[in-house]
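*Asks:* got a structure for you, letters missing:
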């Protein structure tokens, strides 16, 4: 279907944004796909892009509808595996398996057939049929030494299925083979290998941040202590009171012994501050308080 030039440019701009954002920001990609869909819902490329955007946001029912619309418009079967995977997403693995046995699969290219095999194996795992999933993935493409765009994903799925079945040694072997084929780092095969080998990675940057944080706290504490020392030096009376408080010994009236060592020859009245008579007169309101003793809390 042909569109007016201005409309075609607007649609194309939105489709470019869908392709650019679908991996890093699926929600935003979905928003652009809806704009394109409103502008040109009868264009197969728009319906396909809308389907993938919905698929990336796990809107599987919507994705199936868009993929089927695109399939009707083009007559192509290339979307068959992703439609089957949407059935899995909707909790219908039996339908996905049924689609794996349809004639459309024979019309797929090699990449499409491998993708269909991955979907079928996933459906088997959804149904807790681990052994069947492993057998489904065993194929000439898996055994081949040549590296194709699908090789890493196929080997990874096989390794993961083996591990789920408790076949750890074989799983490790296939994770290693996955790593050999995964030149772009599309899988986390290296992490899975490290996990199987009991290797733990330490985030050095996190330790540095923690150390810096501790250093800042220590510096702040030192500054506070310095400020307190300066305040004490500025007020001799406060400093004297603090020293007197540190030197004082207290006892419990119900106990016959003092807490701490007290020299019997020491006259405790030496520690009492005698107030000036004028200050004492000012403090006589509701009765006399004990001369010279004040608790500032």
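*Replies:* That came through fine. Small disclaimer: the values here were computed from a predicted structure and weren't measured.
*Asks:* Can you give me every residue that contacts residue 105?
*Replies:* With contact taken as CB atoms under 8 Å, 6 or more residues apart in numbering, residue 105 is in contact with 80, 99, 112-113, 116. In this view, the C-beta of every residue, glycine as well, is placed from N, C-alpha and C.
*Asks:* Could you measure from the residue lying closest to residue 56 once chain neighbours are set aside over to residue 59?
*Replies:* Leaving aside its chain neighbours, residue 56 sits nearest to residue 26 (4.0 Å; criterion: CB to CB, 6 or more residues apart in numbering). Distance, residue 26 to residue 59, using CB to CB, to the nearest Å: 10 Å.
*Asks:* before we move on, the earlier item: could you redo the contacts of residue 105 as CSV and give each row secondary structure?
*Replies:* Listed next are those as CSV, based on DSSP: H, G, I helix; E, B strand; the rest coil:
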residue, secondary structure
80, helix
99, helix
112, helix
113, helix
116, helix
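*Asks:* and of those, the nearest to residue 128?
*Replies:* residue 99 (19.8 Å; CB to CB).
*Asks:* What lies in contact with the helix or strand hosting residue 170?
*Replies:* Applying DSSP states H and E as the criterion places residue 170 in helix 168-181. Taking CB under 8 Å, 6+ apart as the criterion, the residues outside helix 168-181 that touch it are 147, 151-152, 155-156, 158-160, 162-163, 187, 189-190, 192-193, 196-197.
*Asks:* ok, and for it, which residues are buried?
*Replies:* Along helix 168-181, the positions that meet the burial threshold by neighbour count (16 or more other CB atoms under 10 Å) are 171-172, 174-179, 181.
*Asks:* quick one: average confidence on that helix?
*Replies:* This predicted structure assigns helix 168-181 an average pLDDT of 96.
*Asks:* I'd like the next helix or strand past that helix.
*Replies:* From helix 168-181 onward toward the C-terminus, using DSSP H and E, the following helix or strand is helix 189-196.
*Asks:* ok, which stretches of the stretch 1-150 of the chain are helices?
*Replies:* Remark: helices assigned in the stretch 1-150 of the chain by DSSP state H, counting those that start in this stretch are 5-21, 26-39, 44-56, 60-74, 80-89, 93-100, 110-126, 130-137, 140-143.
*Asks:* do you know which of those helices lies nearest residue 167?
*Replies:* Each of the helices of the stretch 1-150 of the chain was scored for nearness to residue 167 using CB to CB, and the closest is helix 130-137 (8.3 Å).
*Asks:* quick one: that closest one to helix 110-126, angle?
*Replies:* Direction vectors for helix 130-137 and helix 110-126, defined by axes from the mean of the first three to the mean of the last three CA atoms, to 10 degrees, enclose an angle of 180 degrees.
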